[in-house]
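>>> Dropping the sequence and predicted coords here.
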Amino acid sequence: MERLTQTHEDNCWQTCVAMLLGCPPAFLPDQHVLGGGLEYVHPLRAYLHEHTAMTYAEVGSERFADIARQGTPHLMMGETVRTSPEHDVWHAIVGISGVAYWDVHPSRAGLTKVFKFGFLAPIPAEWKLEWDRRKKAGDAKAFCVCPSCAVAARKVSVA
């Protein structure tokens, strides 16, 4: 797995997922534009649905033990030395089996406290059917907004 470093053009979550996928962060939806939390998880899942056979899920530490035993790379999210009452933003790093593997932030400071874990998993067939239904119904959250799809959508709207 190639170790990536976030830049001013991408963010930690976006960069960590790109590491897991083995692609440049710029291929994914732009977290700087979309924000964190649900503002990013829906576009991320739409991207994964459109371009891979994976989905993104998160669990707390109490449900992470089974995933950790598999030894697959995952995200670890929580507080960092840059977290403060004025700047209460979580950070994401890449871990393997629940242990920090790579901090994508240029400081490489890591996390001071882990709150949850994010991972990629195959899309269950029933989820894929539901996603396709939502897309057919025109649910905006079901459409990929990555740079590649945004260009394709602009071409379709012009034609």
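Looks like it came in fine.
>>> Would you mind finding the longest strand in the protein?
Taking DSSP state E as the criterion, the chain has its longest strand at strand 113-122.
>>> Check what contacts the helix or strand just after it and list those residues.
Using DSSP states H and E, the next helix or strand after strand 113-122 towards the C-terminus is helix 125-136. Outside helix 125-136, the residues within contact range by C-beta atoms under 8 Å, 6 or more residues apart in numbering are 49, 55, 123, 141-143. In short, each C-beta sits where N, CA and C put it, glycine included.
>>> The helix ranked longest in the chain: what's the following helix or strand?
In the chain, taking DSSP state H as the definition, the longest helix is helix 38-51. Later in the chain than helix 38-51, the nearest helix or strand by DSSP H and E is strand 54-60.
>>> Tell me how far the next helix or strand after that following strand lies from the chain's centre.
Per DSSP H and E, the first helix or strand lying C-terminal to strand 54-60 is helix 65-69. Helix 65-69 sits 19 Å away from the centroid of its parent chain (C-alpha atoms, centre = their mean, to the nearest Å).
>>> one step back: what does the longest helix of the chain contact?
Residues contacting helix 38-51 (C-beta under 8 Å, 6+ apart): 13-14, 17, 28-29, 31, 34, 54-56, 58, 120, 123, 128, 131, 141-146, 149.
>>> The same query, at a cut-off of 10 Å, please.
With C-beta atoms under 10 Å, 6 or more residues apart in numbering as the test, helix 38-51 has contacts from 11, 13-14, 17, 21, 23, 27-35, 54-58, 118, 120-121, 123, 127-128, 131-132, 134-135, 139-146, 148-149.
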